[in-house]
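predicted model, plus sequence, below.
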Amino acid sequence: MTENVAALDCGSNSTRLLIADGENRPLRREMRITRLSQGVDSSGCLVPEALQRSYDVLAEYRKYMDELGVARGLLVATSAVRDASNGEQFLARAHEITGVRARILSGVEEATLSYAGATSGLDADERPTMIVDIGGGSTELAMVLEGTMFSFSMQLGCVRVTERALGSGVVNEQSARAAQAMIAAELDRAWDEVPEFASVVGKVRLVGLAGTVATLAQLDLGLATYDRDAVHHRPISRATVLKWRDRLARETPDVRLTHPGMVVGREDVLAAGLFVLDAVMARLGVNELLSSENDILDGITQSLLAF
């Protein structure tokens, strides 16, 4: 009998679960919008209502783990918990609820696991592959060149850019400029810290993962109901990114929710995520990316099963 394992990701905007069997075949995937990062930028700590939303979802996930006989797993926390003064307290409670190890990932660890998950099952390509993982509080860039991993975690995410610069409603010219300046500064920092990124400009295969890219793919397809097979490995042009970025920027969150494919809980932050995505594509000189529904969760289950 093969061992089932679980990966849990407590991100800035969503809390997610993947249960896989001993061959790393997915048995159950779940995602809930919990907005754990609510107010972290301004207060420096995880606020009680965000903590409770996350604890409730983790208790639900433990029930699914019990149903599938999961005894071993790993819960990871990323940007919101890294930045919060009470992050360790959150991890301790998350461990109590789920019964699995809980730890904060560094930006490098996050990028490495995301890369492993997102590139599994990809067709071979003569170009180097880079992933862009736009989360709520951070955005990871990672690639492998000649067997060496190069990665950088930018202090950019759909929630962070929304709260600091863009705002959650109709975007005006001033807030758009503020968001673009914030994003450009972080991209400059990434290029300064990892000069290898400059070496692949115009000749890289870009793979996008996480909620911003997945929701964009659903919007572009007009999918009222999530269809993983339709979204996974779907090519998305930069023109499509710009079309939806500018369209959503002109709308209020309630209007955005009327579009088939919009995920409840992303309507106020998706525009910010698309500002980040467009800037990354422009900096890399690429006109298309490939969406991937495989991500850090797949990388975590892969690592659990390797030992």
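Sure thing, it's come through. Numbering: from 1, shown residues only.

just the buried residues of the lowest-mean-pLDDT helix or strand in the chain, please?
When each helix and strand of the chain is scored by mean pLDDT, DSSP states H and E, helix 40-43 comes last, with a mean of 74. Neighbour-count burial for helix 40-43 flags Val40, Asp41 (criterion: 16 or more other C-beta atoms under 10 Å). (C-beta placed from N, C-alpha, C; glycine too.)

remind me what whichever helix or strand comes after it packs against, helices and strands.
Following helix 40-43 in sequence order, the next helix or strand is helix 48-67 (DSSP states H and E). Where contact means 3 or more C-beta pairs under 8 Å, 6 or more residues apart in numbering; DSSP states H and E, helix 48-67 is packed against strand 5-10, strand 14-20, strand 26-33, helix 87-98.

ok, 10 Å please
For helix 48-67, the elements it packs on are strand 5-10, strand 14-20, strand 26-33, strand 72-77, helix 79-83, helix 87-98, judged by 3 or more C-beta pairs under 10 Å, 6 or more residues apart in numbering; DSSP states H and E.

now do that helix and strand 26-33, the angle between them.
Going by axes from the mean of the first three to the mean of the last three C-alpha atoms, to 10 degrees, helix 48-67 is angled at 170 degrees with respect to strand 26-33.

quick check: mean pLDDT of helix 48-67?
For helix 48-67, mean pLDDT is 94.

got the angle between that helix and strand 72-77?
Using the same axes, to 10 degrees, helix 48-67 lies at 160 degrees relative to strand 72-77.

buried residues in helix 48-67?
Ala50, Leu51, Arg53, Ser54, Tyr55, Val57, Leu58, Tyr61, Arg62, Met65.

now stretch 280-298
So for stretch 280-298, counting by 16+ other C-beta under 10 Å, buried means 280-284, 286, 289-298.

okay, and which of the residues you listed map to helices?
Val280, Met281, Ala282, Arg283, Leu284, Ile296, Leu297, Asp298 (DSSP state H).

which one of the residues you listed is nearest to Val100?
Nearest to Val100 out of these is Leu297 (C-beta to C-beta; 13.3 Å).

measure the closest one to Arg127 for me?
Leu297 is 26 Å from Arg127, where distance means C-beta to C-beta, to the nearest Å.

wait, what's in contact with the closest residue to Gly202 other than its chain neighbours?
If the residues on either side of it in the chain are set aside, Gly202 comes closest to Gly285, at 3.8 Å by C-beta to C-beta, 6 or more residues apart in numbering. Counting by C-beta atoms under 10 Å, 6 or more residues apart in numbering, Gly285 touches Val200, Val201, Gly202, Lys203, Val204, Leu206.

quick one: low-confidence residue ranges for the stretch 1-150 of the chain.
1 (pLDDT under 70).

what about 80?
Scanning the stretch 1-150 of the chain for pLDDT under 80 picks out 1-2, 37-43, 78-80, 82-83, 107.

next: the stretch 201-307 of the chain.
For the stretch 201-307 of the chain (pLDDT under 80), the answer is 307.

measure the residue nearest to Gly202 to Arg238 for me?
According to C-beta to C-beta, Gly285 stands 10 Å off from Arg238.

now do the shared contacts for these two.
Both Gly285 and Arg238 are contacted by Leu206, under the criterion C-beta under 10 Å, 6+ apart.

which residues sit against the least confident helix or strand of the chain?
Contacting residues not belonging to helix 40-43 are listed as 12, 46-47, 50, 79-87, 136-137, 155, 159-160, 162-164 [C-beta under 10 Å, 6+ apart].

can you rerun that using 6 Å?
Here helix 40-43 makes contact (C-beta atoms under 6 Å, 6 or more residues apart in numbering) with Ala80, Asp83, Ala84, Glu163.

got a winner among the residues you listed for most neighbours?
Within these, most neighbours by other C-beta atoms under 10 Å means Ala80, with 32 neighbours.
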